[in-house]
Structures are given as structure tokens and as C-alpha cells.
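A.B. asks: Attaching a predicted model along with its sequence, questions to come.
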Amino acid sequence: MSSQQSPKTQLAALSAPAVIFTVAMIAFPFCYSIWLSFQAFSSVGTTSFNGADNYVRMVSDGEFWNGLAVTFYLYILSLALQLFFGTILALVMFRSKKLPGIVRSLFISPFMMPPVVAGMMWLVILDPSLGAANYILTSFGLPPSEWLASPGFVVPTLAFIDTWQWSPYVALIVLGGLQALPPSVYEAAEIDGASPVKVLFRITLPLLLPTLVAAMILRSVDLLRFFDLIYITTQGGPANASNTLNIYGFRVGFEFFQLGYASALMVTLSVIVLGAVLVLNRLRDAVAW
Amino acid sequence: MASIHTRGLVKKYGSLTVLHGLDLEIPDHELVVLVGPSGCGKSTLLRVLAGLEAIDEGDLFIGEDRVNDIPAAKRDIAMVFQDYALYPHMTVRQNMAFALEMRGMARGEIKERVEKAAALLAIEPYLDRRPKALSGGQRQRVAMGRAIVRNPRVFLFDEPLSNLDARLRTQVRAEIKTLSQQLRTTMVFVTHDQVEAMTMADRIVVMKSGVIQQVGSPEDVYETPANLFVAGFIGSPSMNFFPASVENDGLKLADGRTVAVGDRVQAAATAHRGKPLILGVRPEHFRVAPDAAGALSVEITLVEPLGSDTLIHFKVGDAEAIARVEPDLRPKVGDVIALAPSPEKAHLFEEKSGALIC
């Protein structure tokens, strides 16, 4: 680069690749989706501006409200389970310093698996007639379950699979937080006479709150956009019981080719994700120490 | 309130022994300072006293109780950590109340004790703040407050002033000493700063490589250091050391010159004739004596004016030395000056063992 160029020109030139990438890969698709959400598509593929019709339709669409309810049910259940088991797993790994490396690797291996592979694996395990899950239940004299085929069971089952896969990820984040806690605080607590249980609830968990909220933010973005596992296992069924907003939007767009309405659904989902992140960010500031 | 004593105390980390059979008596009500260079074992000893490290051999008594196997929580001690170790998510009030809550004390009494300690340390305005909203000095006071509310038998301080700036350190140092006089509780204070040790201690324990070198009052260790290490460690700037041998009219230094040291040192040196000796003179124990017989004529290599007095650097043979002189002298680099060691204050050490002769 010529030394004749002004610092401003150099700055622009150096940041141009990142700016172009961001505009091409993020800003353009997002703005295009917003534009699409205000369009109506004809059967021959032409578009026409239809104002807020797509959003008005959404408010009166029972499928949308069902999708929203399923999304939040799955989100809250999965997030709670993943934080709970992730924290326990992190505490076990933190306390068991002599745990062999292979065991630690096994602990964290599920989230390294592609969701499609995990989905296929659990489809086989949870198969109502041939799966290992029902074989184990019946061998203990318990009644078999329909798991993913039961409208009542499907969301808890999906939450369980996602928890199995993503708790280790939460555990790694929490483990990082645990390792960063000041050791002298624990020595002070020891001298102050705090029992291990008191130390956990009065010292460790409150100090971990900012880390836990960070993990919540990361998982929230994924969980609110829950897609791949459902697409592999249930495709929104049975009877729309796992039809999250993301799955519903996908079907509206790519099965029924109502791209304007699908875009309105996705813009709404994006606003929900953004809102959740903003709320959790506030929470993180509130619990920072 | 309790005395502390250790008998043959040994602490090992694997094959590394860091405390070598320490025998130490810390009487009740005293403020004892453990001082020594990094790695001398002073903090390890404090942690052993606290119960944060297990004892490998020997005995530790607090009061009449042998506490080797008593956990930290039950030793009735309080500790102020180097980084204060305040609970960052709790307010000052909650920090101070925590240990009392763990003991199951009644709320009313906790409140009373916290407020009393806060008044003593002038931290009442900060009781509802979190540690991150406090300055270093305020955190330091809260850490002391957390210790005081427990009314323990022994206070342990692990280099609590090292994170403070020089001005605040002087202030807090005085506050801790005042506190010690008010509370009349046994205090053990660890520092690597010999000025802190000298100014605060009722008694100083000088340590090196896990071995106690000397125990005594600040005056004792300053005026009668047990060996070359203590002599060099206590006092700022350090004592000057000159390799020497005995001559009839004084001590012959490494550069061949003879210096007069007075009857006391001369007699002690004569008794060690033939052995390599070290003459020790503190910078403040040189006097400018142009007419004195046996004074050392030295060329000034560096001048450090401190206001109250002036430090002049010079060389005797290969040995670098410092003398503290009156500021009115206004010495300059390159001046030649006659310095005579004070006969009453000079020390003589055996070179081989480092032990004090006189």
C-alpha cells in the first residue's frame, strides 16, 4: 500500500473486506427478508407490495400462535435443563481434577457431533418398536413410550435430546467461569466456617451468575431458532406438537412457497431472538460483580 | 486472645521442604511480623497457622490447644488476605456478617457487631456498597472489619498492604498498629518489606529458606543482627559489608587499606585473628571525619539527596558501599571524602558461617 495514501483511505481499504462480507452475508439478506415480508407473491412469481397484510395475517393465524407456544415451551424447558446439567457437569469436572482426559473428552463429546447425526442416532434409540429406550423400559417392567410420536411427549423428548447434546457446551462455559473465580475467596469462606453446601449456594453459584447468563444468551439464540433436530426427527409433528416458529416458517416458505408470509414469520422470530438477547444482556449487567 | 507456639514444624510440598522444623513462640497480645525475601516460607507458615495448609511434622498450639488436625473454621482465627478476598457479590455489610451467619449467631447481635466494627474502622458510609465500588484502602479496611467482627483469638495478615500505594500504605500501617493496641489480640503479620516489619512489630521473625534466622524486637534485630543475612535484610539501605582481616591498628580491607574500628570491634577481631572476617557498617553509622586517624578516604560515585539526609555511594576495592550524611554537606560526584565507621555501631561477622562476632 502506498505511503502517499491518507490514514482514512488506508482505514477504508483495510476494513473493506470485512464490511463487504458483513453487508453481503448479513445486512443484505436481513434487509431483503424485511422487504419480502411486505410483499405478496403471485403464482407466476411476481411480487407486489401488500403493506402489513402478512403481519395482520400472522395475528389471526392459529398455526403462528401454536408455533410461538411450542418455541417458548421448548426454549424454556431445554434452557433450564441445560443450565442445570451443564452446571453439575462443570462442577464435577472442576472438583475431579484427577479425572482422566479420556473421561473429560467423553463428557464433552456430544456437542461435537453434527445435529443431523445426533438426530438420526436418537431416532433409532427412541424408535417405539425397535429402539433401545423402550427395550430398557420394558425390561424393567415399565410401559413403552411413543417418545417422538406422542404429542404430549415430543417436546420434552426433543428437549432431552438437545440437553444431551448441548449440556457439555454449557459445562465448558461454566467450567471456564469456575476456573476464573478467585481462590482466596474460597479460603476466606473456609476460615469463615462455610460448609461445602453453603459455599456452593452462597459463594459459587452467585459468583457464577454472570457466566450462567452468558451461557443463557448463547443457548437462547440457538434454542429460539430450534430447527435441525426437529427437521430430522419430527418435522414439526405429531399434530404440530413440535412445530416451532422456525419449522413453521420454513414449511410456509419452502413447502407452500408463501415467501412473503414466511419472511414476516422469520422477521418476527428475529425480533424475538433480539429481544431475548437484549433482556439477558441487561440481566448480565445486573448480576455482574 | 491466645499465644501461638510451634514445635519442630515441617511443611513439605512433595519432595520440597519449605518449612524446616520451626520452633516459634508468639506470646499473647503481641503483634509479630514474619519477614523475609520471597520464597522464605513466611506465607506458608501463616497458611499453616490458619489451617489452610496441612502440617507434615511437628506440633502447632494455639493457646493450650494442639490444632494440627483442627480445620481452619474451628481454630477461631481470622485472616486478612493479600488481595483482601472479599466476597465480590456481597455488600460490605454482608461480607462482614458472613462468618457470623455461618456460626448461627442471632441477627441482632450480628448487626450490632458489624456496626461496631464499621465505626471502629470508619467504614459506616460504605456498608451497603459492593467491593467493586470501593477504593483499595477502603477494601483493605473492610477486610480488617470482616476479621474484627469475629472477635477471634488470633488475627493473621498476609501481606495486606502490598496492593496499596506508598502513601496509603503508611496510613494503613499506622491504623493496624493502633488497632493492635486497641484490640489487644495476638496478630501475626507477613511482609517482605522490612520497613513495615520495623515500624509495626512488637517482635520480628526473620526467615530465610524456611528457617528462622532471628526472633527479636525491631531494635534487637537492627542493632544486634544474628548473622549476615539479617544484617543485610533489615535496614534500608542495607548494611555495608567489607571483607577484612586483622591488623594491629585496625582492620585491613580488601583494597589493602586499614580502617580504625575502635577497641570493642578490634578486640573481637583480634580474638579471630587468621580467620576471614566481614566488617559490617550501616550507612547511617559512618561519620564524616576528615581529621580522624584510620578514616577511609573514598571517592563519591553517586549522590542521592533525600531531603532529610543524603546518600552517597562509593567503592572500597570491588565492594559497593553507601553512607548516609548530613544534607548540608552537599557532596558531589567525584569529591573525595573521609569516612570513619562509628566504633560503637560497627559489626563483625565470620565470613564462613555469617555469624555475628560483635
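C.D. replies: That came in fine, so what should we check first?
A.B. asks: what sits against the residue nearest to residue A:172 when sequence neighbours are not counted?
C.D. replies: Excluding its sequence neighbours, the residue lying closest to residue A:172 (Cβ to Cβ, 6 or more residues apart in numbering or on different chains) is residue A:108, at 6.2 Å. To be clear about C-beta, it is placed using only N, CA and C from the backbone, and glycine gets the same treatment. Listed by Cβ atoms under 8 Å, 6 or more residues apart in numbering or on different chains, the contact set of residue A:108 reads A:168-169, A:171-172.
A.B. asks: Residue A:108 belongs to a helix?
C.D. replies: Yes - counting by DSSP: H, G, I helix; E, B strand; the rest coil, residue A:108 falls inside a helix.
A.B. asks: any idea which element residue B:24 lies in?
C.D. replies: strand B:16-26 (DSSP states H and E).
A.B. asks: And residue B:54, by the same measure?
C.D. replies: Residue B:54 belongs to no helix or strand, assigned by DSSP H and E.
A.B. asks: count of neighbours near it?
C.D. replies: Using other Cβ atoms under 10 Å in any protein chain shown, residue B:54 has 11 other residues around it.
A.B. asks: Now do it against residue B:71, distance only.
C.D. replies: According to Cβ to Cβ, to the nearest Å, residue B:54 stands 10 Å off from residue B:71.
A.B. asks: next one: residue A:282
C.D. replies: According to Cβ to Cβ, residue A:282 and residue B:71 sit 41 Å apart.
A.B. asks: for residue A:228, same thing?
C.D. replies: For residue A:228, the distance to residue B:71 - Cβ to Cβ - is 51 Å.
A.B. asks: Those two: who's more crowded?
C.D. replies: Using other Cβ under 10 Å, the more surrounded residue of residue A:228 and residue B:71 is residue A:228, with 15 against 12.
A.B. asks: Now do the contacts for the more buried one.
C.D. replies: Residues near residue A:228 by Cβ under 8 Å, 6+ apart: A:115-116, A:119.
A.B. asks: List the buried residues in the helix or strand hosting residue A:274.
C.D. replies: Assigned by DSSP H and E, residue A:274 belongs to helix A:259-287. For helix A:259-287, the neighbour count (16 or more other Cβ atoms under 10 Å in any protein chain shown) marks A:259-269, A:272-273, A:276-277, A:280, A:283-284 as buried.
A.B. asks: and that helix, average pLDDT?
C.D. replies: Averaging pLDDT along helix A:259-287 yields 96.
A.B. asks: Report all helices and strands that it contacts.
C.D. replies: Counting contacts by 3 or more Cβ pairs under 8 Å, 6 or more residues apart in numbering or on different chains; DSSP states H and E, helix A:259-287 is packed against helix A:28-36, strand A:39-41, helix A:53-59, helix A:62-95, helix A:205-224, helix A:245-254.
A.B. asks: tell me the angle the least confident helix or strand in chain A by mean pLDDT makes with helix A:62-95.
C.D. replies: Least confident helix or strand, chain A: helix A:101-108 with a mean of 85, by mean pLDDT, DSSP states H and E. Here the directions of helix A:101-108 and helix A:62-95 differ by 160 degrees (axes from the mean of the first three to the mean of the last three Cα atoms, to 10 degrees).
A.B. asks: Could I get the buried residue list for helix A:101-108?
C.D. replies: Neighbour-count burial for helix A:101-108 flags A:107-108 (criterion: 16+ other Cβ under 10 Å).
A.B. asks: for stretch B:271-281, same thing?
C.D. replies: B:272, B:277-281.
A.B. asks: And for stretch A:202-221?
C.D. replies: In stretch A:202-221, counting by 16+ other Cβ under 10 Å, buried: A:202-204, A:206-220.
A.B. asks: before we move on, what about stretch A:24-38?
C.D. replies: A:33, A:36-38.
A.B. asks: just stretch A:138-146 next, same as before
C.D. replies: Residues of stretch A:138-146 classed as buried by neighbour count (16+ other Cβ under 10 Å): residue A:145.
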